[in-house]
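Engineer: structure for the following, please:
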Amino acid sequence: MKPFLILFRPGSDNEVIQKMSQENDIVLLYVEETPLVFARIEEISPDVKAGWYHVKLFILQLPLQTVTWILRDSYINGDTFTMGGKKMKLERVVCPENAEKEDLPLKKNLAKNDSRSAKVISLTDMKKNR
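Structural biologist: Okay, here's the model as predicted:
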């Protein structure tokens, strides 16, 4: 069974606060509060200790590698923990839903400005002139 955790804000009509990272999610790994590298969660399997999980991460940098960490569910959910004396954190990366909508005004302005000074250059004519 794959772990799945949803946190609710009390007294707010079950508004979702945060969803625990799960398999195939992209996370950003922080070391000492500095973002270091992106990784994809390949597998989350329960450990023998309750509330702990084996988390297999595919590190998205060269050389490609996988690591397996034993983490509490709260650490998978973004709480800070220490590893080798260094503060670490996993932050789930979510694609912005309105990324294209935000770019539309910029694209329209660029199109207006470019159309006034646009000039078609024929590569065939350039070859003939040489």
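Engineer: which strand residues sit across from I59 in the sheet?
Structural biologist: Under DSSP bridges, the beta-bridge partners of I59 are A39, Q65.
Engineer: please apply the same query to the one 10 residues further on.
Structural biologist: The residues listed as beta-bridge partners of W69 by DSSP bridges are V55.
Engineer: ok, it to T124 distance?
Structural biologist: W69 sits 60 Å away from T124, going by C-beta to C-beta, to the nearest Å. The C-beta positions use only the backbone N, C-alpha and C, and glycine is treated the same way.
Engineer: more neighbours: the two, which one.
Structural biologist: The residue with more neighbours, out of W69 and T124, is W69; 16 against 6, by other C-beta atoms under 10 Å.
Engineer: my read: that one touches W52, true?
Structural biologist: No: the criterion here is C-beta atoms under 8 Å, and W69 misses it with W52 at 10.3 Å.
Engineer: can you give me the strands in the protein?
Structural biologist: Taking DSSP state E as the criterion, the chain carries its strands at 6-8, 16-19, 26-31, 34-46, 52-59, 65-72, 81-83, 86-92.
Engineer: can you get me a residue count around I44?
Structural biologist: 20.
Engineer: quick check, pLDDT for it.
Structural biologist: For I44, the model assigns a pLDDT of 94.
Engineer: and the one 4 residues further on, by the same measure?
Structural biologist: In the predicted model, V48 carries a pLDDT score of 95.
Engineer: now do the one 5 residues further on
Structural biologist: Turning to Y53, the model gives it a pLDDT of 95.
Engineer: let me have the strands of the chain in a markdown table, extended by distance to K128.
Structural biologist: Putting these into a markdown table (distance: least, C-beta to C-beta, whole Å) gives the following:
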| stretch | distance to K128 |
| --- | --- |
| strand 6-8 | 67 |
| strand 16-19 | 62 |
| strand 26-31 | 51 |
| strand 34-46 | 50 |
| strand 52-59 | 54 |
| strand 65-72 | 55 |
| strand 81-83 | 66 |
| strand 86-92 | 58 |
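Engineer: pick out the shakiest of these, pLDDT-wise.
Structural biologist: Mean pLDDT is lowest for strand 6-8 out of these, coming in at a mean of 42.
Engineer: for E97, what are phi and psi?
Structural biologist: Main-chain dihedrals, E97, degrees, to the nearest 10: phi -70, psi -30.
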